[in-house]
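1. let's see this in three dimensions:
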Amino acid sequence: MKAEYINPFLEAATIVIEQVVQIRPSTGKLGLKNIEMVENHIWIQIGINGQMNGDIVFGLSEQVALKMVSAMMGGFIISELDEIGRSAISELGNMISGNASTMLYNQGVSVDITPPRIIQSASAESLSSGQALTVPLIMDGIGQFDIQVLVAS
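-> Numbers count the residues shown, from 1 in each chain. Coordinates of the predicted model:
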């Protein structure tokens, strides 16, 4: 698994979060992590096909998701992740992945991405398992947003 696979997603996530959440995240330590079910957690899963094949999984706690959606909606306080909130988090993953796929294309790697799929703790058994290359983005006052790359080739 190559570390350079995660860099376009890390760069795109930093740019998109700064634009839509109005906060500049700091980057945590790169590592390997097992993807596993965690209570009160949300994953945004996006498939990658082409010269790279696998999944990008963005992981965050429901509390972090609520804070991010609130910030995306101009500070309107969100107390539960309803359909609009899930749509906002899904679109965040879509924007990050779209920007990252453009960056990959500019580096000579052609990929297509699938629409984002939101997975919450109750249905996490359908989440891809295995070891992922992971980098956390830390947002002051909001929490952590994990970028996890499971690439087969």
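2. so residue 57 is in which element?
-> Mapping residue 57 onto the secondary structure by DSSP states H and E places it in strand 54-61.
3. check residue 95 too.
-> Per DSSP H and E: residue 95 is located in helix 83-106.
4. who are the packing partners of that helix?
-> Helix 83-106 makes packing contacts with helix 7-20, strand 41-50, strand 54-61, helix 62-72, strand 111-113, strand 117-120 when contacts are defined by 3 or more CB pairs under 8 Å, 6 or more residues apart in numbering; DSSP states H and E. All C-beta atoms are positioned from the backbone trio N, CA, C, and that covers glycine.
5. report the buried residues of it.
-> Using 16 or more other CB atoms under 10 Å as the burial criterion, the residues of helix 83-106 that qualify are 85-86, 88-90, 92-97, 99-101, 103-104.
6. and for stretch 133-149?
-> Of the residues in stretch 133-149, 133-137, 139, 142-143, 145-149 count as buried by neighbour count, 16+ other CB under 10 Å.
7. with only the CA atoms kept, save the helix holding residue 95 in CSV.
-> The C-alpha trace of helix 83-106 is given here as CSV (Å, rounded to 0.1, in the frame of the first residue of the first chain):
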residue,chain,number,x,y,z
GLU,A,83,-31.8,13.1,6.2
ILE,A,84,-30.6,16.6,5.5
GLY,A,85,-27.6,16.1,7.8
ARG,A,86,-26.7,12.7,6.2
SER,A,87,-27.0,14.4,2.8
ALA,A,88,-24.6,17.2,3.8
ILE,A,89,-22.0,14.7,5.2
SER,A,90,-22.4,12.6,2.1
GLU,A,91,-21.8,15.7,-0.1
LEU,A,92,-18.7,16.6,1.9
GLY,A,93,-17.3,13.1,1.1
ASN,A,94,-18.3,13.5,-2.6
MET,A,95,-16.6,17.0,-2.8
ILE,A,96,-13.4,15.7,-1.2
SER,A,97,-13.3,12.6,-3.5
GLY,A,98,-14.1,14.5,-6.6
ASN,A,99,-11.3,17.0,-5.9
ALA,A,100,-8.9,14.2,-5.1
SER,A,101,-9.7,12.3,-8.3
THR,A,102,-8.9,15.5,-10.3
MET,A,103,-5.6,15.7,-8.5
LEU,A,104,-4.9,12.0,-9.2
TYR,A,105,-5.7,12.6,-12.9
ASN,A,106,-3.3,15.5,-13.0
